[in-house]
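Trainee: Here is the input, now give the coordinates:
(chains A and B)
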Amino acid sequence: MIPVFDTSCPVAGRSGEPVGAKLAAGTRPRIAIFSLTGCEGCSLAILELENELLDVLGAVDIVNFREGMSERDWNIDIGFVDGAVSTPHDEAQLRRLRECCKTLVAIGSCACLGGVNTLKNAQPQNEYRGYVYGEAARHFPTADARPLSAFVPIDHELPGCPLVREEFLRFVKCLLGGRPFRLPSYPVCVECKRRGNLCSYERGQICLGPLTRGGCDAICPSYGRACDGCRGVVSNEALKAFGRNMRTQYDVSLSDVLERLRLFGAFQESALP
Amino acid sequence: MSNITIDVKEVTRVEGHGNISVRLSDGEITHLELAIVESPRFFESFIRGRLYSEAPHITCRICGICSVGHTTAATKAIEAACGIVPSAQTVKLRKLIFMGEQLQSHVLHLYFLAAPDFLGVGSVVPLARTHPDVVRRALRMKRLANDLCQIVGGRHIHPIAYQVGGFTHFPTSAELRGIKSRLEEARADLRETVELFAALPVPDMTRDTEYVSLRSMRDDEYAFYDGEIVSTRDPSPTRVADYRLRVLEGVRPHSSAKHCHSPHAPTYAVGALARFNNNHDRLHPRAREVAARLGFQAPCSNPFHNNTAQLLEVVHCLETAIELIDELLTAGVRVEPRERPRHFGRGVGAAEVPRGVLFHEYTLDDRGRISDANLIIPTGQNLANIEADMRCLTPTMLRDGLTPEAMTQRLEMLVRAYDPCISCATHFMDVKWE
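Mentor: Next up, the predicted model:
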């Protein structure tokens, strides 16, 4: 068995305090960043805010960030978590983080949707474990990959593969200013049109922009790749309209659309009409 | 002498989480392992059935730091499987974004992960207060490297325009000129960087090691994007397509990353030091100047000097990026259509990503869907070698009378010198006296 690092995240005695409690006036928020199953690209994306990082560090205290520092504290106001839950250990770790963090924020497609990890869910477990590890597969416990919200309540989600740095900054500013934070409620197409891109469908591509949550400034279509839905489905209405309009107008097969939707786990129970 | 137990939880990322554990009884090692407790990802399995063109797009999600590296190895493997030969401009653009990733990754490792060890702090956070100029310089260099990746690929983490057959977006001359002048200005930052790291003491250690890397047989480039497999024990080149002759894989129960050995040694090392040992004659003259000034010579088998080799590569990559931009500007960047597959078969692709040589292998069915995949990650290749180094280092530390705390820190520095995927780690080892 893979050893489980029990001491890495002690259950802090914080159960008496309400989850997501507002910051006390005048205090610096105590921030932490954690990773479960994923590429840690979202944690890295935060480090890629090079021009703003020193300002952010001037306004908050980073108290726990395994990737970048040795100091580790478990009294946490806001915990950011990237990666999906895909092992029993991930699940135990996440439940402890929920206890330690007053506000828990899922960052990136893996944490918000399950991400590319969910592609394995379509295969029988014995098959994918055996394919990679052969006879030794029994040493490596795993489970279907799921988003954080399948296990514990999540206060905010910042989706995207990787997360959108500007959106993370906007979240931090809302946090410091005590303002509410909301994700855009319109699809990627809105931003794509504003950038003046030729529609991917006119180039013969299947694009999930019409049903995917905006906020990425349509970065993929702007660099020549159709949207893969990494920020999740924006609304059931968009999903239905997509089925009505785009699929019929551009003669796109449902199976091709579903294959694209599965890439980042954006596929939801409410199937396309 | 009492028994000593060293347990390091989550020492450092190897595609994630790793633990060190060492047991010493009367000066003898009774147990030693670098356990890899990262959640297994199963990319090789779940990518089966997906379309050939998605391979780079999906597998770059293995690693946020060397995302361009995975994109490169996967793209080259798929192109080999499809009979695609990319255009000269495509190859230049790929090499350019590759230089950006090397720079960003090495700067991150040297400044954010390695330097705190030498400056006696837990992380870069206290350095922001005590050494603000150093931190600003590191951030400035990292920003530049990321901006370089952005104008070519759309972004550094999970590039967009870098696709099978070619690019889907092209940098403008103005963007290239802008980055070039910033790269030229960054030479001042580079000099400061060399001064800083040249002054830091490198722990002494030597262990006869096989160093494996690519070496170009086609031209005299320092191999990053292309080359054939060579090593310090066997310099005769092996084609990348035959990588299984040189890289032999096995599974260990304590590691979700597979261990590797070679036909010549039970363990071997990949990474910046391996590249330096095999290709030092091809470093950019400015990087060779720095090597001469530091008195750093090949062959070097002190694993702690991987940091020094990274430092030389930072110089090399910055100068190479400037030259590549000059070539692109001279030729003029044209909008080119992507090359289409001619057939579907089996292909292997390799690239020297920041942490060492990376292999991707795919087999495609007759509809262009992936039926088999095998990926060999640099850190996986280094794991057994790191354990061998730990076995070699531990008795010398005992002989030198190091305290358990100092031993723990030295072992962590050793693991960190290999730069096993980003990061994490700084100092959180517990040493128990029994």
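
Trainee: tell me the mean pLDDT over the helix or strand where B:T379 lies?
Mentor: Under the criterion of DSSP states H and E, B:T379 resides in helix B:378-399. Across helix B:378-399, pLDDT averages out at 90.

Trainee: Show me what counts as buried in that helix.
Mentor: Going by neighbour count (16 or more other C-beta atoms under 10 Å in any protein chain shown), the buried part of helix B:378-399 is B:378-390, B:392-394, B:397-398. For glycine as for every other residue, the C-beta is placed from the backbone atoms N, C-alpha and C.

Trainee: Return the residues in contact with the residue positioned nearest the centre of chain B.
Mentor: Geometric centre of chain B, nearest residue: B:R355, 1.6 Å, by C-alpha atoms, centre = their mean. By C-beta atoms under 8 Å, 6 or more residues apart in numbering or on different chains, the residues touching B:R355 are B:66, B:105, B:270-271, B:378-379, B:382, B:418-421.

Trainee: ranges for the helices of the stretch 51-200 of chain B?
Mentor: B:55-59, B:67-82, B:88-107, B:115-119, B:124-130, B:132-153, B:173-198 (DSSP state H, counting those that start in this stretch).

Trainee: now do the stretch 51-200 of chain A
Mentor: Ranges of helices within the stretch 51-200 of chain A are A:88-100, A:108-113, A:125-133, A:165-177, A:188-194, based on DSSP H, counting those that start in this stretch.

Trainee: most packed of these?
Mentor: helix A:108-113 (a mean of 33; mean count of other C-beta atoms under 10 Å in any protein chain shown).

Trainee: residues contacting residue 119?
Mentor: Going with chain A. Counting by C-beta under 8 Å, 6+ apart, A:L119 touches A:262-263, B:46-47, B:50, B:58.

Trainee: meant chain B actually
Mentor: Here B:L119 is in contact with B:127, B:131 (C-beta under 8 Å, 6+ apart).

Trainee: Give me the local confidence score for it.
Mentor: So B:L119 comes in at 79 (pLDDT).

Trainee: Measure how buried residue 52 is and give me the count.
Mentor: By default, I'm working from chain A. A:E52 sits with 15 neighbouring residues when counted by other C-beta atoms under 10 Å in any protein chain shown.

Trainee: I was thinking of chain B, sorry if that wasn't clear
Mentor: B:Y52, neighbours per other C-beta under 10 Å, totals 24.

Trainee: With the flanking residues excluded, which residue is spatially nearest to it?
Mentor: What sits nearest to B:Y52 in space, not counting adjacent residues and going by C-beta to C-beta, 6 or more residues apart in numbering or on different chains, is B:G368, at 4.6 Å.

Trainee: hmm, back to that, just checking, which of the helices of the stretch 51-200 of chain B sits deepest inside the structure?
Mentor: Greatest burial across these, using mean count of other C-beta under 10 Å, falls to helix B:67-82, with a mean of 27.

Trainee: so how far is B:G153 from B:I229?
Mentor: Distance of B:I229 to B:G153, given as C-beta to C-beta, to the nearest Å: 27 Å.

Trainee: now, which of the contacts of B:R355 sits nearest chain A?
Mentor: Within those, proximity to chain A (C-beta to the nearest C-beta) peaks at B:C421, which comes in at 7.8 Å.

Trainee: Just confirm B:P263 is within a strand.
Mentor: No - per DSSP: H, G, I helix; E, B strand; the rest coil, B:P263 lies outside any strand segment and is coil.

Trainee: How many residues are close by it?
Mentor: Other residues close to B:P263 by other C-beta under 10 Å number 14.

Trainee: Tell me who's in contact with it.
Mentor: By C-beta under 8 Å, 6+ apart, B:P263 lies in contact with B:234, B:245-246, B:248.

Trainee: any idea how far it is from chain A?
Mentor: From B:P263 across to chain A, the span is 21 Å (C-beta to the nearest C-beta, to the nearest Å).

Trainee: any idea how far that residue lies from B:L214?
Mentor: B:P263 is 17 Å from B:L214, by C-beta to C-beta.

Trainee: cool, A:L239 as well?
Mentor: In terms of C-beta to C-beta, A:L239 sits 47 Å off from B:L214.

Trainee: Mind checking which of the two has more residues around it?
Mentor: B:L214 (27 against 19).

Trainee: my guess is the more buried one contacts B:P237, does it?
Mentor: No - contact status for B:L214 versus B:P237: not in contact, 9.1 Å apart, counting by C-beta atoms under 8 Å.

Trainee: For the two, list the residues in contact with both.
Mentor: The contact sets of B:L214 and B:P237 overlap at B:228-230 (C-beta under 8 Å, 6+ apart).

Trainee: quick one: which of the residues you listed is nearest A:C101?
Mentor: Of all those, B:I229 has the smallest distance to A:C101: 46.5 Å, by C-beta to C-beta.

Trainee: before we move on, back to that, what's the neighbour count on the residue nearest to B:Y52?
Mentor: 16.

Trainee: list the contacts for it?
Mentor: Applying C-beta under 8 Å, 6+ apart, we find B:G368 in contact with B:51-53, B:82, B:341, B:344.

Trainee: Now render these as a markdown table, adding pLDDT.
Mentor: Formatted as a markdown table, the contacts of B:G368 follow (pLDDT from 0 to 100):
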| residue | pLDDT |
| --- | --- |
| B:L51 | 95 |
| B:Y52 | 97 |
| B:S53 | 96 |
| B:C82 | 98 |
| B:P341 | 97 |
| B:F344 | 98 |
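
Trainee: Need the pLDDT of residue 140.
Mentor: I went with chain A, as the question did not name one. As predicted, A:F140 sits at a pLDDT of 57.

Trainee: right idea, wrong chain: chain B
Mentor: According to the prediction, B:R140 has pLDDT 96.

Trainee: what do you get for B:I36?
Mentor: pLDDT, B:I36: 68.

Trainee: Would you confirm that A:G214 contacts A:P187?
Mentor: Yes - the criterion here is C-beta under 8 Å, and A:G214 meets it with A:P187 at 5.7 Å.

Trainee: Name the residues contacting each of these two.
Mentor: A:V234.

Trainee: So for these two, which residue has more residues nearby?
Mentor: Taking other C-beta under 10 Å, A:G214 and A:P187 do not tie; A:P187 has more neighbours (24 against 21).

Trainee: give the contact list for that one.
Mentor: A:209-214, A:234, A:238.

Trainee: and the residue of the stretch 151-300 of chain B nearest chain A?
Mentor: For the stretch 151-300 of chain B, C-beta to the nearest C-beta, closest residue to chain A: B:T168, 2.6 Å.

Trainee: Let me see the contact set for that residue.
Mentor: Counting by C-beta under 8 Å, 6+ apart, B:T168 has contacts A:223-225, B:160-161, B:338.

Trainee: Please produce TSV containing these, extended by pLDDT and neighbour count.
Mentor: Supplementary listing: the contacts of B:T168 in TSV, determined by pLDDT from 0 to 100; neighbours: other C-beta atoms under 10 Å in any protein chain shown:
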residue	pLDDT	neighbour count
A:Y223	97	22
A:G224	95	20
A:R225	96	21
B:I160	98	21
B:A161	98	22
B:R338	97	16
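
Trainee: in chain A, which spans are strands?
Mentor: Along chain A, counting by DSSP state E, strands occupy A:30-35, A:61-65, A:76-82, A:101-107, A:156-158.

Trainee: Against which helices or strands is the third one packed?
Mentor: With contacts taken as 3 or more C-beta pairs under 8 Å, 6 or more residues apart in numbering or on different chains; DSSP states H and E, strand A:76-82 sits against strand A:30-35, helix A:41-47, helix A:88-100, strand A:101-107, helix A:108-113.

Trainee: what do you get for the second one?
Mentor: Contacts of strand A:61-65 with other secondary structure elements, assessed using 3+ C-beta pairs under 8 Å, 6+ apart, are made with strand A:30-35.

Trainee: Does the strand it packs on reach chain B?
Mentor: Yes - counting by C-beta under 8 Å from any C-beta of the partner chain, chain B is contacted by strand A:30-35 at A:S35.
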